[in-house]
Every structure is written in C-alpha cells, then in structure tokens.
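Asker: when you get a sec, could you give me coordinates for this:
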Amino acid sequence: MRILLLSDDCNPDWPSLPVVSYKFARAIADRAEVVVATQVRNRPNLERVGLGSAEIVYLDTEYIAAPLYRFAQILRGGSDLGWTLQMAMNYPSYLAFEWEVWRHFRTALVSGQFDLVHRISPMTPTLPSLIAKRSPVPFILGPLNGNLPWPSAFQSEQKREREWLSRFRQAYKWLPFYRSTYHHAQAILAAFDHTFNDLPHSAQAKAINFPEVGIDPELFSFPVRPVPQQLTFLYVGRLVPYKMPEVVVQAFAHSPVLQQHRLIIVGEGPERSRLETLITAAQLEHCVTLTGQVPQAEVGNLMRQADVFAFPSIRELGAGVVIEAMASGLACVVVDYGGPATLIQPDRGITIPLSHPAQLTDHFRQTLEDLAQQPDRVRQLGLAAYQHAIQYYTWQVKAEKMMQIYEWVLHRRPAKPNFWQANPILPTPSPWVNS
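Answerer: Numbers count the residues shown, from 1 in each chain. Have a look, this model is predicted:
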C-alpha cells in the first residue's frame with residue numbers, strides 16, 4: 001500500500017499539532033509505503049531526526065505563508081492568543097500548499113503510483129482541501145478537531161484570549177472548497193463528539209470517531225512509585241486564559257490541607273505574571289513551583305514523579321497532555337467539557353462540572369483535598385487511566401487502526417472500523433511499593 005500523506009505542519013520539535021502530526025506520520029510509515037508532503041519550514045528539524053522510513057517532499061509556500069503569518073502575529077499581539085484569527089489567516093496559505101502538492105504529485109497520482117491520499121494536517125475542520133475533488137485516488141481527511149463553543153460563563157477569559165472572531169466561526173462553511181472537500185472525501189476522521197456532530201449530515205456515514213491525540217510510551221510510562229507521604233499535584237500546559245491554571249493555584253491558596261503537599265506548574269505564557277502574583281500574595285512559595293517551559297522528555301519525568309494531574313482547562317479540544325498523564329499513571333482531575341470529558345470516565349479519573357469560575361475553583365479544591373486524603377484511590381484511578389491509555393492511544397495502536405481504515409476505503413475490508421473496539425492490553429504493572 002502506497003500512501004501520500006499531506007501534512008503542512010509536521011515537526012518533531014514544535015509542540016501541539018505539529019508534533020502530533022509528526023508522530024502519527026511516522027507510525028503510519030512503519031506499516032505502509034509513505035511519502036509525506038510538508039512545508040519547507042519543517043525541513044531543518046525533520047532532516048535532523050528523520051521520519052522513519054517515510055520519503056519526505058518539501059514544498060515552499062513561504063511566498064504567501066510567511067507574510068500572512070507575520071501579519072497575523074501583529075493582529076494577535078503575539079503567538080499565544082487569538083487562535084481563531086490565526087486559522088482564518090491560514091486559509092490562503094493552506095490552499096497554496098495544496099496547490100503546490102497538486103502540481104508536484106499530479107502525474108504520479110494520475111498514473112496510479114499511489115493508492116490513497118491522506119491529509120493529516122491541518123487538523124482544523126475550518127480549512128478545506130482543493131485536492132479532495134481532484135484526486136483520482138481515494139482521499140481521506142483527518143483527524144479533525146474543532147467546534148467546541150466557548151462556555152458562556154467565561155467571557156472574561158474569552159476576551160483575554162482575544163477570541164472575538166470565534167463568534168463568526170461557522171462562516172467557514174461558506175468558504176470555497178468546503179462542500180467539495182466533505183463530498184469527495186472517502187473517509188473523515190473526527191475527534192470526539194463535538195467535531196463529529198459539526199460535520200455535514202451527508203458526511204456522517206463515512207465519518208469515524210478518531211481522536212487525534214496519542215502517546216509515546218518511551219516518553220510517558222507507568223513507573224514504580226513509592227507510597228507517598230506527600231502528594232505531588234501537577235499542571236502541564238500553556239499559561240493562557242482558557243486553560244485556567246490559576247484555578248489550581250487558588251485551590252491551594254484556600255486549602256491548608258493542600259498546602260501540606262506540592263503543586264508543580266509546567267508551562268509558559270502570558271498568564272505567568274498573574275500566577276506569580278497569586279503565589280506571592282498567598283505565601284505559597286513553599287509548596288508551589290513554576291518551572292516554565294521544559295522539553296517533552298522532562299515533562300515525562302515530572303509526570304512519573306507526580307501523583308495527581310490537575311487540568312482545569314475550560315475549552316480543550318483534544319487534550320493530548322491528559323492522555324500523556326494517563327499513560328504515566330496519574331489520577332486526572334479535569335473539567336467535564338470537550339476532549340477531557342471523553343478521555344476521563346469515573347473509573348479512571350474525576351471530572352469537575354463546568355460552572356462559574358468561583359464554583360469551578362471550589363470544586364477543584366474539594367476534589368484535590370479528597371484525593372490528598374485518599375492515596376489508595378489515587379493509585380486505583382492512575383492504574384485504570386494507564387490501562388485505558390495504553391489500550392487505545394499509543395501511536396502503534398492508532399497506526400494499526402489507520403491501516404484498517406485504509407483497507408475499508410480500498411474495499412478490502414467490509415465493515416467500517418470502530419476506533420473504540422478493544423485491543424489486547426499490555427500486562428498490568430505493579431507500580432506501587434511501600435516507602
């Protein structure tokens with residue numbers, strides 16, 4: 001099976017979707033003959049580490065991508081906020097990328113040198129494809145993730161995120177190539193119900209609920225942990241308004257119980273000064289640590305040393321960091337909204353109702369206090385979380401699922417694959433020892 005993968009953002013060193021695209025492409029390349037078409041900006045990092053057995057073709061669209069990116073940075077006031085505006089500005093840049101793909105690969109596609117074309121990034125459903133209609137071989141779209149509305153109780157956070165354009169998000173359905181993309185795609189991978197339900201009704205029959213997040217067991221694994229006398233609570237994520245890192249800090253500030261334990265906050269962003277002020281005002285320096293941004297390998301180390309993952313983000317599309325925490329055997333506490341609400345179920349973590357900010361903070365405080373006094377429950381939740389993550393979310397498992405989808409699209413498999421069909425699980429570890 002020979003596959004042309006389209007991934008304009010495919011980069012092992014860039015966080016979030018670029019590294020997700022890279023790991024997914026590499027896992028697929030372990031199971032099929034793959035050519036990856038990507039943007040030339042990814043070349044230095046890809047040439048340094050490679051992409052497994054995949055052949056890489058670099059396409060240069062910087063003639064339009066670079067000036068539009070710089071303009072978007074000015075409008076957004078940097079690179080941390082205003083993501084909806086960035087996606088809107090990416091529309092002409094991405095069409096230029098697919099046009100260059102078509103020019104480069106048209107002859108090979110027409111002559112039958114590929115069995116499939118699979119676009120794995122961009123992962124937003126707001127950017128259509130001009131190749132979907134032109135491709136003479138089956139075209140697969142996704143995984144996509146989007147269409148999670150802003151919670152109405154968090155208008156202040158929306159304003160601080162500079163997400164005014166999100167009110168007009170549905171306008172993307174009127175853009176050129178939107179209808180042809182979903183009409184001609186042979187399979188559409190949609191992450192979680194909030195994306196699946198946004199697809200055109202006519203596309204539902206060929207859609208598969210396929211989360212984009214995944215884990216690398218070499219970086220995120222279940223260690224042997226001593227039974228702790230003092231719990232370590234961990235937050236990992238950008239320090240931006242919608243991820244609400246101050247909720248965990250405020251929970252510690254109002255809890256003598258939690259102040260007997262540790263809180264580590266990993267990440268960087270515009271909310272850091274706000275957090276530093278809260279920590280100083282509440283005199284939490286003895287129990288709360290801000291590490292700043294650290295490499296992914298160090299994130300894995302910190303997760304193996306922690307006990308509870310506290311993640312109060314109120315608009316998380318996929319939450320790859322939650323899956324990484326689950327794979328590290330952490331008891332996860334998340335908001336019952338978006339991607340985390342699907343990842344965390346009662347047997348493998350705790351979900352906090354989405355409410356007003358003060359109520360959210362209070363619920364987090366109560367829940368973290370309960371866990372601090374129930375170390376056995378922390379262990380049980382962490383073990384169940386690990387088992388679920390390993391069963392469904394390693395890149396190897398996801399690549400095997402992708403092979404089943406390819407076979408279905410090529411009519412070599414009669415039934416549409418189900419991502420949630422159970423896989424054989426690895427042996428249960430015995431990670432807890434007495435100190």
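Asker: how far away is residue 111 from residue 36?
Answerer: 20 Å (Cβ to Cβ, to the nearest Å). All C-beta atoms are positioned from the backbone trio N, CA, C, and that covers glycine.
Asker: okay, the two: which has more neighbours?
Answerer: More neighbours sit around residue 36 than around the other of residue 111 and residue 36, counting by other Cβ atoms under 10 Å; the figures are 26 against 9.
Asker: need phi/psi at the more buried one.
Answerer: Dihedral pair for residue 36: phi -110, psi 120, per degrees, to the nearest 10.
Asker: that one bridge partners, please.
Answerer: For residue 36, the residues forming beta bridges with it (DSSP bridges) are residue 5, residue 56.
Asker: that one contacts residue 9, correct?
Answerer: No. Counting by Cβ atoms under 8 Å, residue 36 stays clear of residue 9, with 11.6 Å between them.
Asker: tell me, what's touching these two both at once?
Answerer: Common neighbours of residue 36 and residue 9 (criterion: Cβ atoms under 8 Å, 6 or more residues apart in numbering): none identified.
Asker: what about the strands in the stretch 1-150 of the chain?
Answerer: Shown for the stretch 1-150 of the chain, the strands assigned by DSSP state E, counting those that start in this stretch span residues 2-7, 33-39, 55-59, 116-121, 139-144.
Asker: let's have the ones you listed in TSV, adding distance to residue 403 and mean pLDDT.
Answerer: Supplementary listing: the strands of the stretch 1-150 of the chain in TSV, determined by distance: least, Cβ to Cβ, whole Å; pLDDT from 0 to 100:
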stretch	distance to residue 403	mean pLDDT
strand 2-7	10	98
strand 33-39	12	98
strand 55-59	19	98
strand 116-121	11	97
strand 139-144	12	96
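Asker: which one of those lies nearest to residue 155?
Answerer: The closest of the strands of the stretch 1-150 of the chain to residue 155 is strand 139-144. By Cβ to Cβ, the value is 26.7 Å.
Asker: residues in contact with residue 68?
Answerer: Under the criterion of Cβ under 8 Å, 6+ apart, the neighbours of residue 68 are 89-90, 92-93.
Asker: go with 6 Å
Answerer: When contacts are counted by Cβ atoms under 6 Å, 6 or more residues apart in numbering, residue 68 is found next to 89, 93.
Asker: quick check: the gap between it and residue 142.
Answerer: Remark: distance between residue 68 and residue 142 (Cβ to Cβ) = 24 Å.
Asker: one more: residue 347?
Answerer: For residue 347, the distance to residue 142 (Cβ to Cβ) stands at 28 Å.
Asker: those two: who's more crowded?
Answerer: Taking neighbours as other Cβ under 10 Å, residue 347 and residue 142 compare with residue 142 leading, 24 against 11.
Asker: so what's the more buried one closest to, chain neighbours aside?
Answerer: Nearest in space to residue 142, with sequence neighbours left out and distances taken as Cβ to Cβ, 6 or more residues apart in numbering, is residue 189 at 3.0 Å.
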